[in-house]
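Enquirer: Turn this into a model:
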Amino acid sequence: PAVEMKMKADGLDPKILDMNPDGPSPNQAKSEASKAPLILLKDDPKYAKYFKMLSMHLPRPAVEMKMKADGLDPKILDMNPDGPSPNQAKSEASKAPLILLKDDPKYAKYFKMLS
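Expert: Got it, this is the predicted structure:
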């Protein structure tokens, strides 16, 4: 109760304390990459030519060999071409490190009071 009162006095919502402290902070700023439009796998410049080869009815083993020769994993062809590109997911994760609720500077002192 004392921690909740301190949070209210500081103008913060004490319901934050009911959240998982090891979960992501709601205070975390959204990365600019997440605001960017979603790149579909078939439209990703890295993979587009291979999906085009398949649409032109080239044999799949030939497309897989070309991907291997170019240093790419042919398992990409098994993924949904209308799904998000794995390149985009990696870039989003590297740009915005996850801030845990208990480590968020805005709330850390309150979780420390509870422990």
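Enquirer: ok, which stretches of the protein are helices?
Expert: Here the chain has its helices, by DSSP state H, at 2-9, 32-35, 48-55, 60-69, 86-95, 108-114.
Enquirer: could you give the angle of the fourth one to helix 48-55?
Expert: Which is helix 60-69. 170 degrees (axes from the mean of the first three to the mean of the last three Cα atoms, to 10 degrees).
Enquirer: Give me the residues contacting helix 60-69.
Expert: Residues outside helix 60-69 that contact it (Cβ atoms under 8 Å, 6 or more residues apart in numbering): Tyr50, Met53, Leu54, Asp73, Pro74, Ile76, Leu77. (C-beta placed from N, C-alpha, C; glycine too.)
Enquirer: Which of these has the largest number of neighbours?
Expert: Tyr50 (24 neighbours; other Cβ atoms under 10 Å).
Enquirer: and that residue, what is it in contact with?
Expert: Contact partners of Tyr50, counting by Cβ under 8 Å, 6+ apart, are Val63, Lys66, Met67, Leu72, Ile76, Leu77.
Enquirer: quick one: buried residues of stretch 106-115?
Expert: Using 16 or more other Cβ atoms under 10 Å as the test for burial, stretch 106-115 gives Tyr107, Tyr110, Phe111.
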